[in-house]
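# Structure for the following, please:
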Amino acid sequence: MELKRVYLTINGVTKSILFDPEKDTLAETLRRYGYLGVKA
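Numbers count the residues shown, from 1 in each chain. Below is the predicted model of the structure:
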């Protein structure tokens, strides 16, 4: 399991996000960071 760090701009704010690309989806990762309204 190798975590990757990406930088995303969400609602005009740049965030650093850590995730495991082999098991996490983008929607799951964003929900974990508090973006609960994410739909995929």
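
# Now do the SS call for residue 30.
The three-state label given to residue 30 by DSSP: H, G, I helix; E, B strand; the rest coil is helix.

# any idea of the pLDDT on the closest residue to it other than its chain neighbours?
Leaving aside its chain neighbours, residue 30 sits nearest to residue 38 (4.6 Å; criterion: Cβ to Cβ, 6 or more residues apart in numbering). In short, each C-beta sits where N, CA and C put it, glycine included. Note on residue 38: pLDDT of 74.

# start the count at 26, not 1, going forward
Happy to do that; since the first residue is 26 now, the last one works out to residue 63.

# can you give me the strands in the protein?
With strands called from DSSP state E, the chain shows them at 29-35, 38-44.

# and stretch 39-57, how far from the chain's centre?
Between the centre of stretch 39-57 and the centre of its chain there are 3 Å (Cα atoms, centre = their mean, to the nearest Å).
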